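S.K.: okay, structure incoming, though there's no sequence with it:
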């Protein structure tokens with residue numbers, strides 16, 4: 001049976017963009033952020049993080065909480081529109 005494409009909704013797409021934006025603002029590589037998540041108890045490879053940031057992988061609630069904690073923000077921050085993320089016209093929030 002062929003794999004179905006992962007459907008990414010608007011909230012997940014925004015979260016993907018917010019995760020990448022906050023990671024870059026904090027000067028972290030994908031590998032460093034993935035390692036922080038792993039240290040928090042959610043094993044994550046940098047390839048999984050890359051796929052999440054590119055909206056090729058869903059960000060489930062466990063991922064959301066670990067990523068938010070690793071980035072020093074609340075999980076809500078990754079879900080709600082932020083002027084600092086959506087204000088960048090190139091990103092198309």
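M.R.: Received it, and whenever you're ready, just let me know what you need. For clarity, every value in this text was computed on a predicted model and none was experimentally measured.

S.K.: tell me the pLDDT of residue 14.
M.R.: For residue 14, the pLDDT comes out at 89.

S.K.: ditto for residue 88
M.R.: 47.

S.K.: the one 3 residues further on now?
M.R.: In this prediction, residue 91 carries a pLDDT score of 43.

S.K.: likewise for residue 33?
M.R.: 98.

S.K.: tally of neighbours for it?
M.R.: 23 (other C-beta atoms under 10 Å). Yep, even glycine has a C-beta here, placed from its N, CA and C like the rest.

S.K.: name the helix or strand for it, please.
M.R.: Assessed by DSSP states H and E, residue 33 sits inside helix 30-39.

S.K.: try residue 49
M.R.: helix 46-53.

S.K.: helices and strands around the biggest helix by length in the chain, which ones?
M.R.: When the chain is parsed with DSSP state H, its longest helix is helix 10-25. Applying 3 or more C-beta pairs under 8 Å, 6 or more residues apart in numbering; DSSP states H and E, we find helix 10-25 packed against helix 46-53, helix 61-71, helix 75-79, helix 83-86.

S.K.: next, the buried residues of that helix.
M.R.: 12, 14, 15, 16, 17, 18, 19, 20, 21, 22, 23 (16 or more other C-beta atoms under 10 Å).

S.K.: in JSON lines, list the residues you listed along with distance to residue 52.
M.R.: Formatted as JSON lines, those follow (distance: C-beta to C-beta, whole Å):
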{"residue": "12", "distance to residue 52": "9"}
{"residue": "14", "distance to residue 52": "12"}
{"residue": "15", "distance to residue 52": "8"}
{"residue": "16", "distance to residue 52": "6"}
{"residue": "17", "distance to residue 52": "11"}
{"residue": "18", "distance to residue 52": "11"}
{"residue": "19", "distance to residue 52": "7"}
{"residue": "20", "distance to residue 52": "9"}
{"residue": "21", "distance to residue 52": "13"}
{"residue": "22", "distance to residue 52": "13"}
{"residue": "23", "distance to residue 52": "11"}
